[in-house]
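Q: Sequence plus the predicted model coming up.
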Amino acid sequence: MKTVTIKSLQNLKQEGQRFAVLTAYDASFATVLDQAGVHVVLVGDSLGMVIQGHDTTLPVTMDDMIYHAACVSQACHHALVMVDMPFMSYMNIDQAMTNAARLMQEGGAQIVKLEGGKVQLPVVKALTDQGIPVCAHLGLQPQSVHKMGGYRVQGRNQQAADAMMNDAVQLQQAGADILLLECVPAKLAASITAKLSIPVIGIGAGAQTDAQVLVLQDVLGITPDKPPSFSHNFMSSSGSIQQAVKAYIDAVTSGQFPGAEHSFE
């Protein structure tokens, strides 16, 4: 397997080939994903809920993210390692620069992900100007769950859709290398994906994005609570964890996942 880079992901978009992303928080699962051929391994602040048992991602700290990122990056030899910047860790340029550097130097991150639209443009530009790759995150933003009033689909009315499209374009212009859309109507996600030249990863954003991401525990059917409607249990029809991960990769790259039942209008 070839080593995945941001450039190779951009090439996949240009060639119309989809790629697969999954979360991991430890070396054991990261090894499984890396060997199965997952293109991007995301060390998400979702670990606050999946690993730590919190109701939200808000309690996750920089030290938490660095610890789990270091575990994952040690095990990934082919996949690109993306790491979330946790809540309140990028509120200004200096803070963002310091924390992004820690994620890369101590955690082994190859690209950092941060939530927010136009308010994050100066931070995205400053990071990318210094050679730090950035994945922007629009739509449902779990770090703003209380402000948004819960885990709700974003961009359903025309004003909100126009604002999200504008934010996406400006984030790309500011230097973002990848965009992630979470819980966005499928038509809007398709329009944003077509508009941008950078790869767009979707989760609950329909089938027309360049890539899909899910939480590994949802894919394996071991989520303690009811899994989100946009996820799918690939373990139920597989004989092993390795087979379930491979089935997910195949379903994403072939366009079989997500289906209409995993999308929002």
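A: Sure, I can see it.
Q: Quick check on residue 49: phi, psi?
A: phi -90, psi -40 (degrees, to the nearest 10).
Q: Over to residue 213?
A: Dihedral angles (degrees, to the nearest 10) for residue 213: phi -130, psi 140.
Q: change the start of the numbering to 37 and stick with it
A: Done: numbering now begins at 37, and the last item shifts to residue 249.
Q: How much space separates it from residue 214?
A: 11 Å (CB to CB, to the nearest Å). Any C-beta I mention is one placed from the backbone N, CA and C, and that applies to glycine too.
Q: neighbour count winner among the two?
A: residue 214 (28 against 24; other CB atoms under 10 Å).
Q: Check the spacing between that one and residue 123 real quick.
A: Taking CB to CB, one finds residue 214 at 20 Å from residue 123.
Q: just residue 104 next, same as before
A: 15 Å.
Q: Show me which of the two is the more surrounded one.
A: Ranked by neighbour count (other CB under 10 Å), residue 104 and residue 123 place residue 104 first, with 24 against 20.
Q: Please determine how far the more buried one is located from residue 265.
A: Following CB to CB, the distance that separates residue 104 from residue 265 is 27 Å.
Q: Following element in sequence after the longest helix along the chain, please.
A: For the chain, the longest helix by residue count, based on DSSP state H, is helix 194-210. Remark: after helix 194-210, the chain's next helix or strand is strand 214-218, criterion DSSP states H and E.
Q: Tell me which other helices or strands that next one touches.
A: Secondary-structure packing of strand 214-218 (3 or more CB pairs under 8 Å, 6 or more residues apart in numbering; DSSP states H and E): strand 170-175, helix 194-210, helix 222-231, strand 236-239.
Q: rewinding a little: anything in contact with each of residue 249 and residue 214?
A: Listed as contacting both residue 249 and residue 214 by CB atoms under 8 Å, 6 or more residues apart in numbering are residue 237.
Q: quick revisit: save the helices and strands packed on strand 214-218 as a markdown table, and put in mean pLDDT and distance to residue 138 too.
A: Formatted as a markdown table, the helices and strands packed on strand 214-218 follow (pLDDT from 0 to 100; distance: least, CB to CB, whole Å):
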| stretch | mean pLDDT | distance to residue 138 |
| --- | --- | --- |
| strand 170-175 | 98 | 15 |
| helix 194-210 | 98 | 22 |
| helix 222-231 | 98 | 31 |
| strand 236-239 | 98 | 24 |
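Q: is it possible to export the ones you listed to TSV including distance to residue 69 and mean neighbour count?
A: TSV is the format used below for the helices and strands packed on strand 214-218 (distance: least, CB to CB, whole Å; neighbours: other CB atoms under 10 Å):
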stretch	distance to residue 69	mean neighbour count
strand 170-175	17	27
helix 194-210	27	17
helix 222-231	24	20
strand 236-239	15	27
